[in-house]
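Trainee: Show me the folded form of this:
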Amino acid sequence: MPPKAFVSWSSGKDSAYALHEARRLGLAEIAGVLTTINEVYDRVAMHGVRAALLDRQIAALGLPAIKVPIPSPCPNDIYEARMEEACERIKAQGIRHIVFGDLYLEDIRAYRIEKLSAAGMEPIFPLWKRETGSLAREMIASGLSARIACLDPRKLDRSFAGRRFDMDFLRDLPNGIDPCGENGEFHTAVTAGPMFAREIPVRIGETVERDGFVFTDMIPAPSCQTDK
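Mentor: You can find the predicted model right below:
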């Protein structure tokens with residue numbers, strides 16, 4: 001039997017597809033999701049996704065969630081202390097594994113292994129070292145639907161903000177930009193896919209620049225208001 005595991009849930013495509021692949025490949029029985037919430041903005045940390053949209057994702061997953069509030073900005077010692085507390089809550093359920101959507105950044109993988117090992121836990125990396133161009137196309141072919149929620153304007157033009165993560169998006173990416181945004185070029189918010197019981201309709205709000213990043217707001221909407 002595969003081990004029970006929580007998924008480190010960013011609200012984006014990589015964590016969503018890692019959840020799907022962990023199930024499909026029999027790597028883990030998914031017991032819940034773990035996510036960090038910016039206390040100041042009430043949004044998913046880094047991605048800037050509204051807590052209301054996060055809640056709709058969680059409902060569509062049909063899984064329990066542990067939300068970890070963090071300040072903005074968040075010193076690393078506070079982040080690590082709160083994540084340690086979250087790990088203790090997970091371990092109290094008899095669970096010793098966390099699934100991550102990391103692709104190829106060795107330093108991040110090593111950091112996760114180190115911190116989880118200190119907490120008596122282990123990571124699972126279902127997407128590790130998969131070629132990101134093929135992986136991006138595989139995600140899209142699976143029925144995964146996402147939009148660009150955040151981007152780094154130093155790496156990617158602001159015009160990509162809010163766009164669908166689809167084949168047109170991949171074709172339009174400049175040379176040198178990772179198709180999955182693994183180097184921080186962009187982050188996504190997932191609204192449909194094989195990991196969800198149903199699609200999450202959204203309407204697209206304003207695009208703003210804050211703290212050096214460009215964010216596009218995505219607002220949960222009734223199905224009749226779905227932005228196509």
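Trainee: Go ahead and measure how far the biggest helix by length in the chain is from the middle of the chain.
Mentor: With secondary structure taken from DSSP state H, the chain has its longest helix at helix 76-91. Relative to the chain's own centre, helix 76-91 is displaced by 18 Å; criterion: CA atoms, centre = their mean, to the nearest Å.
Trainee: packing partners for the helix or strand following that helix?
Mentor: Using DSSP states H and E, the helix or strand that follows helix 76-91 in sequence is strand 97-99. Helices and strands touching strand 97-99, by 3 or more CB pairs under 8 Å, 6 or more residues apart in numbering; DSSP states H and E, are strand 4-8, helix 13-24, strand 122-124. Glycine gets a C-beta too; all of them are placed from N, C-alpha and C.
Trainee: Turn the ones you listed into a markdown table, columns for mean neighbour count, distance to residue 207 and mean pLDDT.
Mentor: Listed next are those as a markdown table, based on neighbours: other CB atoms under 10 Å; distance: least, CB to CB, whole Å; pLDDT from 0 to 100:
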| stretch | mean neighbour count | distance to residue 207 | mean pLDDT |
| --- | --- | --- | --- |
| strand 4-8 | 24 | 27 | 98 |
| helix 13-24 | 24 | 19 | 98 |
| strand 122-124 | 17 | 34 | 98 |
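Trainee: Residue 188 is nearest to which of those?
Mentor: With CB to CB, the closest approach to residue 188 among the helices and strands packed on strand 97-99 belongs to helix 13-24: 4.7 Å.
Trainee: what's that closest one packed up against?
Mentor: So helix 13-24, by 3+ CB pairs under 8 Å, 6+ apart, packs with strand 4-8, strand 29-38, strand 97-99, helix 132-141, strand 186-192.
Trainee: quick one: that helix to chain centroid distance?
Mentor: The answer for helix 13-24 is 10 Å, by CA atoms, centre = their mean.
Trainee: Could you check the angle it makes with strand 4-8?
Mentor: 170 degrees (axes from the mean of the first three to the mean of the last three CA atoms, to 10 degrees).
Trainee: coming back round to it: on contacts alone, who are the packing partners of the longest helix of the chain?
Mentor: Looks like helix 76-91 contacts strand 29-38, strand 65-70, helix 106-118 (3+ CB pairs under 8 Å, 6+ apart).
Trainee: Next, the contact list for the nearest residue to residue 177 once chain neighbours are set aside, please.
Mentor: Excluding the flanking residues, the one nearest residue 177 by CB to CB, 6 or more residues apart in numbering is residue 185, at 5.1 Å. Residues in contact with residue 185, defined by CB atoms under 8 Å, 6 or more residues apart in numbering, are 151-152, 155-156, 177-178.
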